[in-house]
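**Q** Sequence plus predicted model, see below.
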Amino acid sequence: MRILVVQNSRTAPIGLVGDALTDNGATLHTIAANEGEAIPNKDGYAGLVVLGGPQDAWNDEKGPHFGRVMETIRDFTDADRPVMGICLGAQLAARAYGAKVYRHTTPELGIHRVSLTDGAQGDPLLEGFGPELNLAQWHYDTFEFPDGAVPLATSEACDRQAFRLGRATYAFQFHPEATGDILRGWASRIREEARESNAEMLHGLEDSIATHLPVAERFTRAMTRRWLDLAR
């Protein structure tokens, strides 16, 4: 089973989601879309994952490939093949269906509590994970929900954390793919850029990684396995 992976930055790899997919028999075909690699059509692929990146989803000058990414999201959705959009990928999924993406009032960086909504109860991916999870976050923007979307998760800092469109198109503002090393890399870049106001938000990151990431990894592996089942 082949999964098309659209990568928007080498700093935002597929991480734990990729491990879970390959452990469950999937083969990944990764396209570095931000580097000019052409995104193929949906033929021959059972599902689509669109990853995060440092770009703003509303800025096509910084992301000239965004139009093709959004077209691909719609193509897979129309074909009823599962889609997983993560962070920037989630924002592009929202935008692909006419929703607004914009700068949020505050960044959300580190590991934070995410609350599942009533819509998550009975959801094929999120049912049974309890009312709250501590998950990785790394974003400055947020989105409105597209028409017909089912809200799935919220957080104190950002109330639009996840939604589903149709049977199998999922958008996650949080980062289920993030490993400890991925998070440390993102934190290092913030510190190198001397963004002190944001760096202050990362105090205690190592403790959060040690405390919460093992549980988050179990969530990612179970959730991703369920997502792959939607393609079978």
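**A** Now that the structure is in, tell me what you want to look at.
**Q** List the contacts of the residue lying closest to Ile73 once chain neighbours are set aside.
**A** Computed as CB to CB, 6 or more residues apart in numbering, the closest residue to Ile73 that is not its neighbour in sequence is Ala96, at 4.7 Å. To be clear about C-beta, it is placed using only N, CA and C from the backbone, and glycine gets the same treatment. Each residue near Ala96 by CB atoms under 8 Å, 6 or more residues apart in numbering is listed here: Val69, Met70, Glu71, Ile73, Arg74, Pro146.
**Q** Repeat that for Val69.
**A** Neighbour list for Val69: Val6, Asn8, Ala33, Ile39, Val50, Gly63, Gly89, Leu92, Ala96 [criterion: CB under 8 Å, 6+ apart].
**Q** The second one is in contact with Glu35, isn't it?
**A** No. Checked against CB atoms under 8 Å, the pair Asn8 and Glu35 is beyond contact range at 9.6 Å.
**Q** more crowded one of those two?
**A** Neighbours of Asn8 and Glu35, each counted by other CB atoms under 10 Å, are more numerous for Asn8; the result is 27 against 11.
**Q** burial of the nearest residue to that one once chain neighbours are set aside, as a residue count?
**A** Closest residue to Asn8 apart from its sequence neighbours, by CB to CB, 6+ apart: Gly53 at 3.2 Å. Number of residues near Gly53 (other CB under 10 Å) recorded here: 23.
**Q** Quick check: the gap between the most centrally placed residue in the chain and Thr105.
**A** Most central residue of the chain, judged by C-alpha distance to the mean C-alpha position with CA atoms, centre = their mean, is Ile86 at 1.2 Å. Shown here: Ile86 relative to Thr105, a distance of 22 Å by CB to CB, to the nearest Å.
**Q** Can you give the strand pairings for the longest strand anywhere in the chain, parallel or anti for each?
**A** Of all segments of type strand in the chain, defined using DSSP state E, the longest is strand 101-116. Taking DSSP bridges as the criterion, strand 101-116 pairs within the sheet with strand 132-143 (antiparallel), strand 150-155 (antiparallel).
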